[in-house]
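>>> Need the 3D shape of this:
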Amino acid sequence: MRFLVNDTLLFKYKKGSDSVLVVNRDDYDKCNSGKPILKLDDGDSVFKFDRSGHFFFISGKKSNCDKGQKLIIVVLAVRHDHDHDNDNDHRHGLPPPPLAEAPGLAAPGPEWETPPPAADQQPYPSPVYSVPPGVGDTPLAVNGTGGQPLRRSFAPLEFGPSVFLVSAVSLILCTVGLLGLVGSF
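Residues are numbered from 1 along each chain as shown. This next block holds a predicted model:
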């Protein structure tokens, strides 16, 4: 899943029993809830990504964070593929110029899969995260870029489309919405 500027994330949890904190990397690594950048505590919290870059979320309850209830989201920078100089060519009947691929990236195939790793290489693991048993059953909804095709990159996992989450007292279910719609189960 890829996140872009203005996407939103909905955290659902029991109000009063936990919270979601936006923190810096160091506080994320240490599960330090003492100086959050932002505290979400209403039980039905929506966070809007207002810039590109890394966002670090932890449970406001240290014992939950220590159990892995934390999340890193990488929001992609806004990319403009529009070339104003070529607009006139299109209006005058000339075909658009071919799009160039970035070096090292393959065009998406019909299966949208990454190639198998070389025999001497281990593949990057898929991000698989689970909630400890009995933690909760409230879903998390994600408003991502559902209407846009995903392209797989062969970059390290940190730079690819990834979601790292164990939400505050929640079983995580992710859905992709369109244009500001937040879906839930």
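
>>> going forward, measure contacts between C-alpha atoms and count neighbours the same way
Noted.

>>> shaky segments in the chain?
81-185 (pLDDT under 70).

>>> doesn't D50 fall inside a strand?
No - note on D50: no strand contains this position according to DSSP: H, G, I helix; E, B strand; the rest coil, which reports coil.

>>> Does it touch V5 like I think?
Yes - between D50 and V5 there is a contact under C-alpha atoms under 8 Å: 5.5 Å.

>>> out of these two, which sits in the busier spot?
More neighbours surround V5 than the other of D50 and V5, with 16 against 12 (other C-alpha atoms under 10 Å).

>>> what sits against that one?
When contacts are counted by C-alpha atoms under 8 Å, 6 or more residues apart in numbering, V5 touches F49, D50, R51, S52, V75, L76, A77, V78.

>>> Now do the contacts for the fifth one.
Counting by C-alpha under 8 Å, 6+ apart, V75 makes contact with R2, F3, L4, V5, F49, R51, S52, G53, H54, F55.

>>> Angles on the backbone of it, please.
For V75, the backbone dihedrals (degrees, to the nearest 10) come out as phi -100, psi 130.

>>> try the first one
The main-chain torsion angles of F49 are listed as degrees, to the nearest 10 and equal phi -80, psi 110.

>>> Quick check: it touching F56?
No - applying C-alpha under 8 Å as the test, F49 and F56 come out as separate, 11.5 Å apart.

>>> ok, and the closest non-adjacent residue to S33?
In this structure, S33 finds its nearest non-sequential neighbour in G60, 6.0 Å apart by C-alpha to C-alpha, 6 or more residues apart in numbering.

>>> how many other residues sit next to that neighbour?
G60: 25 neighbours (other C-alpha under 10 Å).

>>> cool, K67 as well?
Neighbour tally, K67, other C-alpha under 10 Å: 14.

>>> Tell me who's in contact with the residue nearest to S33.
Contacts of G60 by C-alpha under 8 Å, 6+ apart are D18, S19, V20, L21, S33, A168.
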